[in-house]
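Participant: sequence first, predicted coordinates after that:
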Amino acid sequence: MKKYEYKFVKVGMKLGFDNNKKVEEAEKEWNDLGKQGWKFCKEGSGVIIFIREIDE
C-alpha cells in the first residue's frame with residue numbers, strides 16, 4: 001500500500017509593491033519543494049498543502 005506525507009505551508013504576503021519579484025520568489029519556493037519531491041495538493045484557509053509519497 002502506498003503511504004504519503006503532507007506539508008502545510010502558510011500563505012504569507014511579502015511586503016512591497018514589486019509583483020514580479022513576489023511571483024519569482026513564489027516560483028523559486030515551489031520549484032525547490034518540487035525538487036524535494038513535494039507535489040501541490042490543495043490550497044485553502046490561508047494554507048497551501050503539498051504531498052509526497054513515502055518510500056518504504
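Facilitator: On my side now, so go ahead.
Participant: now do the strands in the protein.
Facilitator: 3-10, 39-44, 47-54 (DSSP state E).
Participant: please identify the deepest-packed of those strands.
Facilitator: strand 47-54 (a mean of 14; mean count of other C-beta atoms under 10 Å). For every residue, glycine as well, the C-beta is placed using N, CA and C.
Participant: given it, what are its sheet partners and their directions?
Facilitator: In the sheet, strand 47-54 lines up against strand 3-10 (antiparallel), strand 39-44 (antiparallel) (DSSP bridges).
Participant: starting at the chain centroid, how far to the lowest-mean-pLDDT helix or strand in the chain?
Facilitator: None of the helices or strands of the chain scores lower by mean pLDDT, DSSP states H and E than helix 19-35, at a mean of 91. Helix 19-35 sits 9 Å away from the centroid of its parent chain (C-alpha atoms, centre = their mean, to the nearest Å).
Participant: what are the C-alpha coordinates of that helix, in CSV please?
Facilitator: C-alpha atoms of helix 19-35 as CSV (Å, rounded to 0.1, in the frame of the first residue of the first chain):
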residue,chain,number,x,y,z
ASN,A,19,4.6,41.9,-8.0
ASN,A,20,7.0,40.4,-10.5
LYS,A,21,9.5,39.8,-7.7
LYS,A,22,6.8,38.2,-5.5
VAL,A,23,5.9,35.8,-8.3
GLU,A,24,9.6,35.0,-8.9
GLU,A,25,10.1,34.2,-5.2
ALA,A,26,7.0,32.1,-5.1
GLU,A,27,8.0,30.2,-8.2
LYS,A,28,11.5,29.5,-6.7
GLU,A,29,10.0,28.3,-3.5
TRP,A,30,7.6,25.9,-5.3
ASN,A,31,10.4,24.7,-7.6
ASP,A,32,12.5,24.0,-4.5
LEU,A,33,9.7,22.0,-3.0
GLY,A,34,9.2,20.1,-6.3
LYS,A,35,12.9,19.1,-6.3
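Participant: quick check: which of the strands of the chain is nearest to Lys28?
Facilitator: Nearest to Lys28, of all the strands of the chain, is strand 3-10, at 13.5 Å by C-beta to C-beta.
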